[in-house]
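> got a predicted model here, sequence first, then my questions.
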Amino acid sequence: MRNKYYMKEYRHFNGDYNVIFNLIEVNTDNHTVTVAINNLGKITQQTVELRTENDALYFEYSVMNDKIYIDDFVSVEGAE
């Protein structure tokens with residue numbers, strides 16, 4: 001069974017430009033999230049700590065520790 005979060009997308013405006021995140025895996029057992037990050041055309045993959053706030057899952061991004069909430073990700077058309 002495929003992960004229900006797989007390849008969902010979120011666009012985050014960092015004050016200057018959009019950074020696009022695609023979920024690869026959300027692992028609540030290990031408290032990690034793996035994301036593909038498209039930042040100014042450069043694509044990287046990172047596994048970062050998954051956090052919880054008021055029963056909402058999120059991870060932090062950038063030096064400003066922007067909170068990126070998992071529930072804000074949406075399905076990408078054609079990926080399902």
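Everything's here; your move. Numbering: from 1, shown residues only.
> surely Q46 is in a strand?
Yes. Counting by DSSP: H, G, I helix; E, B strand; the rest coil, Q46 is found in a strand.
> shaky segments in this structure?
Per-residue confidence for the chain (pLDDT under 70) gives these ranges: 1-3, 77-80.
> one more pass at 50, please.
1, 79-80 (pLDDT under 50).
> would you map the strands across it?
Per DSSP state E, the chain carries strands over the ranges 9-13, 18-27, 32-39, 42-49, 51-53, 56-61, 66-69.
> of all these, which lies closest to S75?
With Cβ to Cβ as the measure, strand 9-13 is the member of those nearest S75 (7.8 Å). In this view, the C-beta of every residue, glycine as well, is placed from N, C-alpha and C.
> buried sites along the closest one?
9-10, 12 (16 or more other Cβ atoms under 10 Å).
> which other residues reach it?
Contact with strand 9-13 is made by 18-23, 61, 66, 68, 72-76, as judged by Cβ atoms under 8 Å, 6 or more residues apart in numbering.
> so L23 touches I37, yeah?
No. Using Cβ atoms under 8 Å as the test, L23 is too far from I37 to be in contact (10.8 Å).
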